[in-house]
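K.L.:
dropping the sequence and predicted coords here.
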Amino acid sequence: MSAPFDPSAAAAPGSGIFGLPHSPEEAHVVLIPVPFEATTSYGGGTSEGPNAILEASRQVDLFDVETGRPYARGIALLPEPEQWRAWNTRAKERAVPIVEAGGVDPSQPELQAASAEVNGLCEQLHEAVYQTAKEWLAKGKRVAALGGDHSISYGIIRAHAEKYPGLGVLHLDAHADLRDAYEGFTWSHASIMHNVAERIPGVKSLVQVALRDMSEEEHGYIENSGGRVRAFFDSDLQRKRFDGVPWNHQVDEMIQHLPQNVYLSFDIDGLDPTLCPHTGTPVPGGLSFPEAVALIAGVVRSGRTIVGFDLTEVAPDPEGGEWDGNVGARLLYKMIGWMLKSERT
């Protein structure tokens with residue numbers, strides 16, 4: 001007979017996420033690892049994000065002053081599918097010449113063929129994530145995904161929008177991700193929110209926070225969305241801070257544009273890059289860790305329900321440092337904790 005689980009003890013090597021013993025069937029929260037970064041156009045490494053978070057999570061204390069004992073409901077990380085890793089390897093190989101060329105030239109059929117293959121592999125990945133999320137949602141679980149680049153969010157958002165039609169997406173990111181394809185990739189990480197807005201009618205609204213790097217066309221998309229997309233630019237948030245507007249007052253302003261059911265889509269580069277120095281496209285500015293957590297807490301304080309989430313673009317230090325994974329694991333635990341508090345059951 002195994003010893004009872006001690007939440008205050010050191011996590012055993014090789015144990016589950018946060019050192020927990022739960023199987024996916026036992027857990028209330030099921031995490032989907034998605035090691036995919038096919039369309040990365042700058043820094044790489046996010047396909048190793050789920051593993052980096054897993055390793056760092058074993059150092060996180062399980063009692064949380066704000067949210068109590070999230071672990072008690074059960075949290076489990078699914079095994080990483082070998083097929084998904086194989087799709088990533090192939091798609092990355094085929095994407096390299098396209099990225100190096102700066103996109104697809106219609107006069108180069110070999111690049112067009114490579115682009116078509118990458119897009120096809122991305123579609124397979126999105127369908128697989130969608131089916132996985134749908135399966136666990138049907139079992140009554142809370143489901144989240146760990147990326148990978150931000151493109152991996154499409155399938156899990158689609159699954160949640162079907163289960164909770166009319167939901168809102170709260171999107172933390174340095175980038176708007178509203179490009180209509182990028183470098184020839186329909187499913188680019190730079191197009192994830194464009195694809196969500198255009199292809200998933202179950203998403204009622206999109207609230208974007210900490211944006212500070214975007215194209216003029218993306219800005220125009222926001223302006224012409226009729227209020228469906230609300231952007232809170234980092235420059236405006238900073239200005240209000242300088243003017244003495246309390247952060248929680250700003251949070252309340254953001255959240256009022258969200259419906260009852262809220263899905264969180266958090267790209268780690270929405271944070272100050274000192275917290276995620278090896279993410280693919282770091283941008284100066286962004287939220288502090290306490291500000292990001294207060295944003296999540298504000299959703300719950302408002303009476304809304306967090307129904308699911310994704311955390312993407314965590315890239316470990318290629319020299320072996322654990323800072324990126326550490327921050328990712330601690331943000332993940334906060335996201336889980338506040339999601340569970342929002343259930344109010």
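P.N.:
Thanks, I have the structure now.
K.L.:
by contact count, what packs against the helix or strand bottoming out on mean pLDDT in the chain?
P.N.:
One helix or strand of the chain scores below all others by mean pLDDT, DSSP states H and E: helix 82-101, with a mean of 89. Using 3 or more Cβ pairs under 8 Å, 6 or more residues apart in numbering; DSSP states H and E, the elements in contact with helix 82-101 are helix 109-138. All C-beta atoms are positioned from the backbone trio N, CA, C, and that covers glycine.
K.L.:
tell me the buried residues in the helix it packs on?
P.N.:
By neighbour count on 16 or more other Cβ atoms under 10 Å, the buried set for helix 109-138 is 111, 114-115, 118-119, 121-122, 125-126, 128-130, 132-134, 136-137.
K.L.:
Ile53 reaches Leu331, doesn't it?
P.N.:
No: using Cβ atoms under 8 Å, Ile53 makes no contact with Leu331, being 9.1 Å away.
K.L.:
common neighbours of those two, please.
P.N.:
The contact sets of Ile53 and Leu331 overlap at Leu311 (Cβ atoms under 8 Å, 6 or more residues apart in numbering).
K.L.:
more neighbours: these two, which one.
P.N.:
More crowded of Ile53 and Leu331, by other Cβ atoms under 10 Å: Ile53, with 29 against 23.
K.L.:
and the helix or strand containing the more buried one, how far from the chain's centre?
P.N.:
Per DSSP states H and E, Ile53 falls inside helix 49-57. Counting by Cα atoms, centre = their mean, to the nearest Å, helix 49-57 is centred 14 Å from the centre of its parent chain.
K.L.:
what's the answer for stretch 313-327, then?
P.N.:
Distance, stretch centre to chain centre, for stretch 313-327: 16 Å (Cα atoms, centre = their mean).
K.L.:
how about residues contacting the least confident helix or strand of the chain?
P.N.:
Under the contact criterion Cβ under 8 Å, 6+ apart, helix 82-101 has outside partners 34-41, 47, 104, 108, 110-111, 114-115, 117-118, 121-122, 124-125, 128, 183-185.
K.L.:
6 Å instead?
P.N.:
Applying Cβ atoms under 6 Å, 6 or more residues apart in numbering, the contact partners of helix 82-101 are 35-36, 38, 41, 47, 111, 114-115, 117-118, 121, 125, 184.
K.L.:
show me what contacts Cys255?
P.N.:
Check again: residue 255 is Ile, not Cys. With Cβ under 6 Å, 6+ apart, Ile255 has these contacts: 298-299, 302.
K.L.:
among these, which ones are in helices?
P.N.:
Judged by DSSP state H, helices contain the following of the contacts of Ile255: 298-299.
K.L.:
what helix or strand is the residue nearest in space to the middle of the chain on?
P.N.:
The residue lying closest to the centre of the chain (Cα atoms, centre = their mean) is Leu311, at 2.8 Å. Using DSSP H and E, Leu311 maps to strand 305-312.
K.L.:
following element in sequence after that strand, please.
P.N.:
Next element after strand 305-312 (DSSP H and E): helix 323-343.
K.L.:
got the buried residues for that following helix?
P.N.:
Applying a neighbour-count criterion of 16+ other Cβ under 10 Å, one finds 323-342 buried in helix 323-343.
K.L.:
hang on, the earlier thing: just checking, the residue nearest to the centre of the chain touches Leu264?
P.N.:
No: the criterion here is Cβ atoms under 6 Å, and Leu311 misses it with Leu264 at 8.3 Å.
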